[in-house]
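K.L.:
With the sequence up front, the predicted model follows.
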Amino acid sequence: MRSLRVHVVFFFLLLFGAIIIGRLVFVQIIDHDFYKALAIGQQRLSELIKPERGEIFAKDKDGLLYVLATSNKSKFVFVSPNKIDGDKEEIAEKLSLILDIEKEEIFRKLNVEDSFFVVLKKRLTEKEVEEIEKLEIEGIFLEDESFRYYPEEDFISRVLGFVGGEKYGQYGLEAFYEDQLKGIEGIAEGERSSRGYMVFFDPEKSLPASPGSDLVLEIDYYIQFKAEELLKEAKENLDIEGGQIIVSDPNSGKIIALASLANFNPNNYSDYELEVFMNPVSQKLFEPGSVFKPLTMAVGIEEDLITPQTTYYDEGFVKVGPDTIYNYNERVFGETTMTEVLEKSINTGAVFVEQQIPHNVFLDYIEEFGIFSKTGIDLQGEVFSTNEELKKGYEVNFATAAFGQGIEMTPVQLIRSFSIFANGGNILKPYLVGEIRGSDGSIIKTKTEIQRESVISEATASKITAMLVSVIEEGFGKQAKIPGYYIAGKTGTAQVPWSALGIDRSGYSEKTIQTFIGFAPAFNPRFLVLVKLDNPKTRTAEYSAVPVFRDLAKYIVDYYQIPPDYED
């Protein structure tokens, strides 16, 4: 019996040994390659290398660059709760004193189950880093991180946008040029320690990250600064609800300044409501009012239906079907030339011109002026209006559109259209980025793009320019005068529709948008400026937008050292 038990035990030992040997043969010979790869996979570590995001620069007239957006490095602290070795309540107390975070919040994070990575705080100060290192607590780690930094804080922020928590550009240039700015990720190959960290880097099997490209804007740092300063002063002095200023080179489409009231600090973007990130220059429609009259006048002249000297008799109002259209303040001007229509901003004069033009021709020109399409400016989320009400063909809609009411556009659409008078008739694409500089040393320069050529003739553009100079010399734009220089420009005061205020009601509110648009020197233009002020506490643009234009235009003339047109 005892011999039988010995044999049984021996048999099972032999069987067990055979199974072990068979398994070893299977692992080491038959599936050798698989398990070798598995072992290597456990020992090796692949990590994505985040590239440096490209920088964004403004410049000045001498070509010097000013950093608007860059990348900085800082330390952050995180915890692996399952690796904590010690009294978690005591650890939370120590960290709370260092990080200035409630002890209860830290304690909660120290007890997150099944997690290897719980961030306690980002962007640590040098003192915080030193104090944490002194603790030498198992499971508490410090790591480097790169973050987007805007050294000028709220300056030009609505143009820039920001980089969000997912490291993607949001709004403005950061979003529009995401592909160029973000760079290309690399891969770091190496061996890991028992704790899972890379201890050996293998350069032969690694792929370095490629930094993103830099953007050099056409924005002039000092002109942009002056424009933003003037808007802040308008807020203080005129109690405006909003406002924008655009400065462009009408001969190329370059945007030299793009300022909006109420900016935000992109370093702390999470502190703001979504609405403040929208750029009203390209993302908000408005009815421009009388600054549109020169465009109506240009159609009449181009079609040989009127001249600057053509006259009509103004009675202070005009009947259009059952509707009556009045001049501002119901003023009556009597016998009036087309030049005087612009000088005195006479609504009925604009209606007179439009009534000489077939409606389909008028619509065609408005489309050619770019009012029914996006400009293509390099900003995220540009909007436009198809102006369907105008296209329905009602007489009164065409009549009011002639003086800029009942037709809507964005400020950047308006400045693109108005540039035809300064550049001899072409519609140009506006752009902000002048150069894209690659990390490999390559430079891509933005070229002037003519979107529509000869929308009006040079002769028509010249006639309208002379009429706009007369607005400054003899009309409501006199406050825009700069001694020694001819300025071409036009005022506009438009009522704001109830619908634009989010109120379901037809007609217009008492609120106004007061605008001035002009270029200088008038007969050899170097710059074009649009000043748009939302509901200033003045009756007309003559007393709000015009002085702002003059201050900015005088600054630019002095800054560029533009020679005078005549001795004053």
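P.N.:
Structure received.
K.L.:
Can you pull out the low-pLDDT segments for this protein?
P.N.:
Applying pLDDT under 70 to the chain flags residues 1-49, 114-116, 188-206.
K.L.:
Distance check, the most centrally placed residue in it against E166.
P.N.:
The residue lying closest to the centre of the chain (Cα atoms, centre = their mean) is G172, at 2.6 Å. Going from G172 to E166 by Cβ to Cβ, to the nearest Å gives 16 Å. To be clear about C-beta, it is placed using only N, CA and C from the backbone, and glycine gets the same treatment.
K.L.:
OK, contacts around the residue nearest to the centre of the chain?
P.N.:
S157, R158, V159, L160, G161, F162, F277, N279, L379, Q380 (Cβ atoms under 8 Å, 6 or more residues apart in numbering).
K.L.:
Nearest to E102 among those residues?
P.N.:
Set against E102, the nearest of these by Cβ to Cβ is F162 (27.7 Å).
K.L.:
dump the residue contacts of the closest residue to that closest one other than its chain neighbours.
P.N.:
Among residues not flanking F162 along the chain, P266 sits closest, at 3.7 Å (Cβ to Cβ, 6 or more residues apart in numbering). Shown in contact with P266 (Cβ under 8 Å, 6+ apart): A69, R148, Y150, E153, D154, S157, L160, G161, F162.
K.L.:
what does Y559 give?
P.N.:
Applying Cβ under 8 Å, 6+ apart to Y559 gives the contacts K61, Y222, I223.
K.L.:
Run a quick neighbour tally on the closest residue in space to F352 that isn't next to it in sequence.
P.N.:
Distances taken as Cβ to Cβ, 6+ apart put Y312 closest to F352, at 4.8 Å, once the chain neighbours are dropped. Y312: 22 surrounding residues under other Cβ atoms under 10 Å.
K.L.:
Equivalent analysis for G169, please.
P.N.:
24.
K.L.:
got it, and the one 5 residues further on?
P.N.:
E174 has 26 neighbouring residues, counting by other Cβ under 10 Å.
K.L.:
now it, nearest residue through space, not along the chain?
P.N.:
G161 (3.8 Å).
K.L.:
The longest strand anywhere in the chain packs against which elements?
P.N.:
Longest strand of the chain, by residue count under DSSP state E: strand 65-79. Here strand 65-79 touches strand 56-59, strand 118-121, helix 126-135, strand 140-149, going by 3 or more Cβ pairs under 8 Å, 6 or more residues apart in numbering; DSSP states H and E.
K.L.:
could you give the angle of that strand to strand 140-149?
P.N.:
If you take axes from the mean of the first three to the mean of the last three Cα atoms, to 10 degrees, strand 65-79 sits at 160 degrees to strand 140-149.
K.L.:
Taking strand 140-149 as reference, get the angle to the helix or strand immediately after strand 65-79 in the chain.
P.N.:
Using DSSP states H and E, the helix or strand that follows strand 65-79 in sequence is helix 88-99. Between helix 88-99 and strand 140-149, the angle comes out at 30 degrees (the same axes, to 10 degrees).
K.L.:
which helices and strands sit right next to helix 88-99?
P.N.:
Using 3+ Cβ pairs under 8 Å, 6+ apart, the elements in contact with helix 88-99 are helix 103-110, strand 118-121, helix 126-135.
K.L.:
re earlier: compare the contacts of Y559 and tell me which is most surrounded.
P.N.:
Neighbour max across the contacts of Y559 (other Cβ under 10 Å) = I223, 24 neighbours.
K.L.:
all helices in the stretch 301-450 of the chain, in order from the N-terminus.
P.N.:
Along the stretch 301-450 of the chain, counting by DSSP state H, counting those that start in this stretch, helices occupy 338-343, 347-356, 359-368, 388-391, 395-401, 411-423.
K.L.:
Tell me which residues are up against the first one.
P.N.:
Put plainly, it is helix 338-343. Outside helix 338-343, the residues that reach it (Cβ under 8 Å, 6+ apart) are 293-294, 297, 300, 306-311, 333, 346, 349-350, 352-353, 467-468, 470-471, 474-476, 490.
K.L.:
Can you flag which of those belong to strands?
P.N.:
T311, K490.
K.L.:
The longest strand of the chain: how far from the chain's middle?
P.N.:
Remark: strand 65-79 is offset 21 Å from the chain centroid, using Cα atoms, centre = their mean, to the nearest Å.
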